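[1] dropping a prediction and its sequence here:
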Amino acid sequence: METLEQIKARAEAAVPGVRLDLIPNDSPSGQRSLLVDAAHAVAVATFLRDDPQLRLDFCSNATGVDWPEAELTEKVKVKKVVDGVEKEVEEMRKTKRPAYLEAVYHLYSMALKQGPVILRLRTGNRTDDVRVPSLTPVWRGCEFQEREIFDLYGVVFDGHPDLRRILMWDEFKDFPMRRDYVEPDDYEYEPTPHDEVHERAKAHYAAEVKS
């Protein structure tokens, strides 16, 4: 299969105006991915599926990732005058990464027996700009998995044919897979009376009696 750089270059040529970024991966696998802007995501997905050299016709997995705001530290090279001589030195620079959510798709070609290519969609933030286009019209197998991302992370997929909760009940207000999710000490339905859930329920009702 082509390298990710080659796929990126050909996708950019095929979809005018697209913004594609190569995302590094510091894990031992080093498996990099492609981040596509929301406006061109469906066009790029269609290219990846239909291009005769790629034919990425199968989305094996779609999942969500929560990225809260974080302070990042990186090494940068700067020029400074040291003892009257200009030198290039390394400094540690801190930057703030804004919070956002991602939908991540793992793509394979059943026809050509190749892959994966990993495609990412990113929201504007974690509060009021959480919409990305659905890729279910391109890969039908994304339907339930995008519903799960919507349910557990709060990403809204525009163009999804049936976007509703799939694991939590309709009245549930939060997103259990977000990193700042706080599990309640009791639930609206009767919990199974065992282990930690039972202990939290007992504490919850004891606090209600005292108040």
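    Done, it's in. Residues are numbered from 1 along each chain as shown.
[2] flag every buried residue along the helix ranked longest in the chain.
    Using DSSP state H to define each element, the chain has its longest helix at helix 195-210. By 16 or more other C-beta atoms under 10 Å, the buried positions in helix 195-210 come out as 200-201. Just so you know, the C-beta spots here come from the backbone N, C-alpha and C atoms, and that holds for glycine as well.
[3] domain-wise, how is the protein divided?
    4-65+101-167, 181-211 (automatic domain parsing).
[4] for Val89, find the nearest of those domains.
    domain 4-65+101-167 (24.4 Å; C-beta to C-beta).
[5] so how far is that closest one from its chain's centroid?
    Here domain 4-65+101-167 shows a centroid-to-chain-centroid distance of 9 Å under the convention C-alpha atoms, centre = their mean, to the nearest Å.
[6] the one residue sitting closest to the centre of the chain - nearest residue in space that isn't next to it in sequence?
    Centroid-nearest residue in the chain, with C-alpha atoms, centre = their mean: Glu102, separated by 2.1 Å. Leaving out its chain neighbours, the residue that sits closest to Glu102 by C-beta to C-beta, 6 or more residues apart in numbering is Val65, at 4.3 Å.
[7] so what touches the helix or strand containing the one you found?
    In this structure, Val65 sits in strand 58-67 according to DSSP states H and E. With contacts defined as C-beta atoms under 8 Å, 6 or more residues apart in numbering, strand 58-67 is touched by 97, 99-110, 115-116, 126, 135, 139, 141-142, 145-146, 148-149, 152-153, 155, 177-179.
[8] okay, and which of the residues you listed map to helices?
    Those of those lying in helices (DSSP H): 142, 145-146, 148-149, 152-153.
[9] check the gap between Phe144 and Leu101 for me.
    Taking C-beta to C-beta, to the nearest Å as the measure, Phe144 and Leu101 are separated by 18 Å.
[10] which one's more surrounded, the two?
    Shown here are Phe144 and Leu101; by other C-beta atoms under 10 Å, Leu101 has more neighbours (26 against 11).
[11] Provide a list of residues in contact with the more buried one.
    Contacts for Leu101 (C-beta under 8 Å, 6+ apart) come out as 64-67, 122-123, 126, 130, 153-155.
[12] secondary structure class of Arg10, three-state.
    Of the three states, Arg10 takes helix according to DSSP: H, G, I helix; E, B strand; the rest coil.
[13] check contacts around it.
    So Arg10 contacts 2, 51 (C-beta under 8 Å, 6+ apart).
[14] need phi/psi at the closest residue to Glu5 other than its chain neighbours.
    For Glu5, ignoring the flanking residues on the chain, the nearest one in space by C-beta to C-beta, 6+ apart is Leu22 at 7.1 Å. Phi and psi for Leu22, reported as degrees, to the nearest 10, are phi -80, psi 120.
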